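S.K.: Model the structure of this input:
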Amino acid sequence: MNALKTKMELRPYQREAVDAVYRHLREYDDNPVVVIPTAGGKTPVIATICDDAVRLWGGRVLVLAHVKELLEQTVDKLNIMAKYIRVGVYSAGLNRRDMTHPVIVAGIQSVHKRACDLCGDTPFDLVLIDEAHLIPPDGEGMYRSFLADMKMINPNVRVIGLTATPFRLSSGMICDPDHFLNRICYEVGVRELIVKGYLCPLRSKAGVVRADTSGLHIRGGEFVAGEVEGLMNESALVSAACREIVQKTQDRRSVLIFAAGVDHGQNIVDTLQREHGIECGFVTGETPSHKRDELLARFKGQPPAKGLCDAPVGPLKYLCNVNVLTTGFDSPSIDCVAMLRPTMSPGLYYQMVGRGFRLCEGKADCLVLDFGSNILRHGPVDDLKIKTPGAGGGDAPAKECPECQAVVHAAYANCPDCGYAFPPPEKQRHDATAASGGILKGESTDTEYTVSDFEYSVHVKRDAPDDAPRTMRVTYRIGWNKYVSEWVCFEHTGFARAKAEVWWRDRSDDPIPDNVDMAVDLAEAGSLAPTLGITVRRVAGEKYDRVVDYKLGPKPPPVLADNMPHFAAVDPDTLDAQAEPEFVPQIPDDEIPF
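M.R.: You can find the predicted model right below:
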């Protein structure tokens, strides 16, 4: 067999990524980045570039990794996928110092001062940086000095970054004209790979309570770790969250839990054992390597390595961790990710969810339980809201006014729209139930609520001209201090007015009002059927929820026009002539007050 003709089989998007890299290297003088989602297969792209560079063009490649675990994984996979080239390792942590191989995988900590020794008589032509989002701002110096030395040895050396998220875990893009990685040459998204069957479908659980992290301080783009753990580790909230996890994962086989800190994680483990009789493994940065290997093997359904445990043990369904099982941890059987921690980092949020991306036989989808309001904070995982870090580590969270439902900055003591005085923030640890945001853009989740109270009012859009049409605001109380509103447009024309007419006919036998004052007066006089329940739809990526269905009580008797002196009499025989639209979706009209 001619080794030069032996090529690994690439998926179509992987082939496109490789071709995009080559095209960029030919057409531009800067350094490109390839973005492929977690579990989308970056290593075949790396292996193909290494193979082509060595066997077709007689070049030499250096692959840089930031942590030892990634370095080991990269070496193992390259030895399988690029089996016709020799791959060496340079890492103090692995006690290897290979310097003559055509492809060398190295840890930046081990080589950042040894560019000349590493190159020897044969300089490197390409430098690939795997998981480029892991490069911390305070670690850029090592990369910059090392790459500057490489450039002196070979002025034509090119750098290629590969990542699932082209921004750091503390946010901020890694591509910049002044950076050593300059622009994205190829990107494929999570949704596309799910649709094409290369990644596992995701779904998130709808919940009621939202996380309130407005009392936490932010440092370096992330919540202060000590504050987060201190706030989240309340037994009642941990107990409620564990109860929901157990209920929602009865038909799941591999549940990965992310905790805020060691004490919080231990509380989760103890609660699952004490209240539900469930064994949950626990891994932290301090877990001894042999114990960690044993737990991970059981969680993956693999037999532990010989000598790891004294007695036979079975598989482990639940595994809790603190900041260790994100980037680089692969367990395809994970079909539930439970985030019992908030994060300001879109990258960390993505990496946590990404543990469930991989396909596995018998795995229909991955359930994401978010107890830290991360989906609401960062958006769907395929449409993340990336903030440029600034003073104070980024924007403070927002809060919702319970009186007028305005979404305002968390620093406001009084609502700027209606003047409502906010109470001092309650320092909630994490949600007792999982948040209701959709994990993919466009995903909708419908939640039914019992309505305990409702009220009607005239609403005038802020800063609207005097002759602008007004709306009737209907506010439903659906829980303690939780409200949802909708707007009924009696003074509008066209589709908005048609929706208002249908809305009124469903609730009242009185004539349809011509203006909002009449509508509110009639409603307060008892003209409308009571609303007993509503269904609220949340669409991932959209700012506002929508009321899409109702459970109504019986219509009351008509309110006599004589009791409403300003209400114009309407001939009931003319009402049938007002044709009801054939289809009236509950979609917020552009003119309604958003």
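
S.K.: Nearest to the spatial middle of the protein, which residue is it?
M.R.: Val381 (3.7 Å; Cα atoms, centre = their mean).

S.K.: OK, contacts around the residue nearest to Val381 when sequence neighbours are not counted?
M.R.: Excluding its sequence neighbours, the residue lying closest to Val381 (Cβ to Cβ, 6 or more residues apart in numbering) is Val353, at 5.0 Å. C-betas here are computed from N, CA, C, even on glycine. By Cβ atoms under 8 Å, 6 or more residues apart in numbering, Val353 lies in contact with Leu202, Val337, Met339, Val368, Val381, Ile439.

S.K.: run the last query once more with 6 Å
M.R.: For Val353, the contact set (Cβ atoms under 6 Å, 6 or more residues apart in numbering) comprises Val337, Val368, Val381.

S.K.: and what of Pro513?
M.R.: Counting by Cβ under 6 Å, 6+ apart, Pro513 has contacts Phe490, Ala519.

S.K.: ok, back up a step: check which helix or strand the residue nearest to Val381 maps to.
M.R.: Secondary structure assignment for Val353, by DSSP states H and E: helix 346-354.

S.K.: Can you name the next helix or strand after that helix?
M.R.: That would be, after helix 346-354 and using DSSP H and E, strand 366-370.

S.K.: Which strands or helices does that following strand pack on?
M.R.: strand 202-204, strand 336-339 (3 or more Cβ pairs under 6 Å, 6 or more residues apart in numbering; DSSP states H and E).

S.K.: Pairing partners for it, with directions?
M.R.: strand 202-204 (parallel), strand 336-339 (parallel) (DSSP bridges).

S.K.: got a pLDDT number for the nearest residue to Tyr90 once chain neighbours are set aside?
M.R.: Closest residue to Tyr90 apart from its sequence neighbours, by Cβ to Cβ, 6+ apart: Ala106 at 4.1 Å. pLDDT, Ala106: 89.

S.K.: Test my guess that Ala106 contacts Gly88.
M.R.: No - taking contacts as Cβ atoms under 6 Å, Ala106 lies outside contact range of Gly88: 8.7 Å.

S.K.: Please say which of these two ends up with more neighbours.
M.R.: Neighbours were counted for Ala106 and for Gly88 using other Cβ atoms under 10 Å; Ala106 has more, 25 against 17.

S.K.: okay, now the domains of this protein?
M.R.: For the chain, automatic domain parsing gives the domain ranges 3-188, 202-409, 444-577.

S.K.: So which of those domains is nearest Lys196?
M.R.: domain 3-188 (8.1 Å; Cβ to Cβ).

S.K.: Tell me which helix or strand in the protein has the weakest average pLDDT.
M.R.: strand 407-409 (a mean of 41; mean pLDDT, DSSP states H and E).

S.K.: C-terminal to that one, what's the next element?
M.R.: strand 444-450.

S.K.: So which residues lie in contact with whichever helix or strand comes after that next one, not counting its own?
M.R.: Next helix or strand after strand 444-450 toward the C-terminus (DSSP H and E): strand 453-459. Strand 453-459 is contacted by residues Arg470, Thr471, Met472, Arg473, Val474, Thr475, Tyr476, Arg477, Val516, Val520, Ala523, Thr531 when judged by Cβ under 6 Å, 6+ apart.

S.K.: Quick check: the farthest pair among those?
M.R.: Once Cβ to Cβ is applied, those give Arg470 and Arg477 as the farthest pair, at 22.7 Å.

S.K.: of these two, who's got more company?
M.R.: Arg470 (21 against 17).

S.K.: Name the spans of the stretch 151-300 of the chain whose pLDDT lies under the cut-off.
M.R.: 168-172, 206-212, 231 (pLDDT under 70).

S.K.: Excluding chain neighbours, what is closest to Asp263?
M.R.: Per Cβ to Cβ, 6+ apart, closest to Asp263 is Asn233, 5.5 Å.

S.K.: Could you check how far the one you found is from Ser239?
M.R.: Applying Cβ to Cβ, to the nearest Å, the value for Asn233 to Ser239 is 12 Å.

S.K.: Could you check which of the two has the larger neighbour count?
M.R.: Asn233 (21 against 18).

S.K.: what about Tyr550, helix or strand, and which?
M.R.: strand 546-552.

S.K.: on that earlier part again, can you tell me which of the contacts of strand 453-459 lies nearest to Ser444?
M.R.: Among the contacts of strand 453-459, and counting by Cβ to Cβ, the member closest to Ser444 is Tyr476, at 19.1 Å.

S.K.: got the contact list for the closest one?
M.R.: Contacts of Tyr476 (Cβ under 6 Å, 6+ apart): Val451, Phe454, Val484, Ile534.

S.K.: mind checking pLDDT for it?
M.R.: 90.

S.K.: The spatially closest residue to Ser331 that is not a sequence neighbour: neighbouring residues, count only.
M.R.: Leaving out its chain neighbours, the residue that sits closest to Ser331 by Cβ to Cβ, 6+ apart is Lys300, at 4.9 Å. When neighbours are counted by other Cβ under 10 Å, Lys300 registers 17.
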